[in-house]
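[1] Mind looking at a prediction? Sequence and model below.
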Amino acid sequence: MKLLIISGTPKTEGITHSFVEAAVEVANERGINAEAIRRSDEKLDKCKMCGDGWGICFKQHVCAFGEEDGFSALQKKMHEADAYVYITPVYWGEMSEELKIFIDKLRRCEATKQWDARESEVSQLKGKPSIIVANAGGGGGGTITAFMDIKRALVHMSADAWPRETSGIFDMIAVNRWNQEYKRVALKAAIAEMHKYFTGELAANR
């Protein structure tokens, strides 16, 4: 299993980043081929809504500016991965702005494949499981709407499907300052459990 861990926090310390570290740690323990990406390290431009609102992303499923800002390289990493962990702080009840820029551009390229007559053009997220981690600061609210925000995008990209063991959203982990310790344990357990289906330790639809 090749696991891509996508971090939406600009920080290299703190609660949200500690979940990135936890994901990497359990991946190393289980011998998972994992890579962590900090979105803030990649200076992506927001979608420019080319032309009449749709650019080459609609038919070619790539971004016209992807080579310039690094999006194309990230899209390739998404294609090569077998599973994903999205980790984001919660801002205004949504995923972070940095993560949203990436998700919005990815959605335009991958979701549009559903209208492509070519059988070869299928969303590269289809049939791959995801774990979503949302960390709410302040009063600890907003995780539910943040989950809905990301889930909506995954649905558009055909990445929310059954069986849950090997496709779609495997787990959603809501984090706040009070529950962070045992939720880090939960994240490690979720990644380990998801990995078991790839190694054959557990059968899908058991």
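    Okay, I see it. Numbers count the residues shown, from 1 in each chain.
[2] Thr9 contacts Ser96, doesn't it?
    Yes: counting by C-beta atoms under 8 Å, Thr9 touches Ser96, with 6.6 Å between them. Every residue, glycine included, has its C-beta placed from N, CA and C.
[3] okay, and the common contacts of these two?
    Thr88, Pro89 (C-beta atoms under 8 Å, 6 or more residues apart in numbering).
[4] any idea whether the residue nearest to the spatial centre of the chain is helix, strand or coil?
    Central residue of the chain (C-alpha atoms, centre = their mean): Tyr86, 3.8 Å from the mean position. Look at Tyr86: counting by DSSP: H, G, I helix; E, B strand; the rest coil, its state is strand.
[5] Could I get the contacting residues of it?
    Shown in contact with Tyr86 (C-beta under 8 Å, 6+ apart): Ile6, Gly8, Met95, Leu99, Ser130, Ile131, Ile132, Val133, Ile150.
[6] cool, and Phe65?
    Asp45, Lys48, Phe71.
[7] now the first one: how far from Cys57?
    Meaning Asp45. Distance, Asp45 to Cys57, using C-beta to C-beta, to the nearest Å: 13 Å.
[8] Out of the two, name the residue with the larger neighbour count.
    Taking neighbours as other C-beta atoms under 10 Å, Asp45 and Cys57 compare with Cys57 leading, 22 against 14.
[9] Just the endpoints, please. Distance across stretch 111-120?
    In stretch 111-120, first residue to last residue: 14 Å (C-alpha to C-alpha, to the nearest Å).
[10] got the buried residues for it?
    For stretch 111-120, a neighbour-count test (16 or more other C-beta atoms under 10 Å) marks Ala111, Thr112, Lys113 as buried.
[11] Stretch 78-97 now?
    Applying a neighbour-count criterion of 16+ other C-beta under 10 Å, one finds 78, 81-91, 94-96 buried in stretch 78-97.
[12] closest to Glu121 among the residues you listed?
    Among the buried residues of stretch 78-97, Met78 lies closest to Glu121 (C-beta to C-beta), at 15.2 Å.
[13] Contacts only, for the closest one.
    Counting by C-beta under 8 Å, 6+ apart, Met78 touches Leu4, Tyr84, Leu106, Gln124, Leu125.
[14] looking at this, Ile103 is in a helix?
    Yes: assessed with three-state DSSP, Ile103 lies in a helix.
[15] That one contacts Ser96, doesn't it?
    No: in this structure Ile103 lies outside contact range of Ser96 using C-beta under 8 Å: 10.1 Å.
[16] Could you point out which of the buried residues of stretch 78-97 is nearest to Thr143?
    Using C-beta to C-beta, these come closest to Thr143 at Val90, 5.9 Å.
[17] Contact partners for the closest one?
    Shown in contact with Val90 (C-beta under 8 Å, 6+ apart): Ser96, Ala134, Asn135, Ala136, Gly137, Gly142, Thr143, Ala146.
[18] before we move on, back to that, what's the most distant pair in the buried residues of stretch 78-97?
    Largest pairwise distance in the buried residues of stretch 78-97, by C-beta to C-beta, is 29.2 Å, between Asp82 and Tyr91.
[19] Skipping adjacent residues, who's closest to Thr9 in space?
    The shortest distance from Thr9 to any non-neighbouring residue, by C-beta to C-beta, 6 or more residues apart in numbering, is to Thr16 (4.1 Å).
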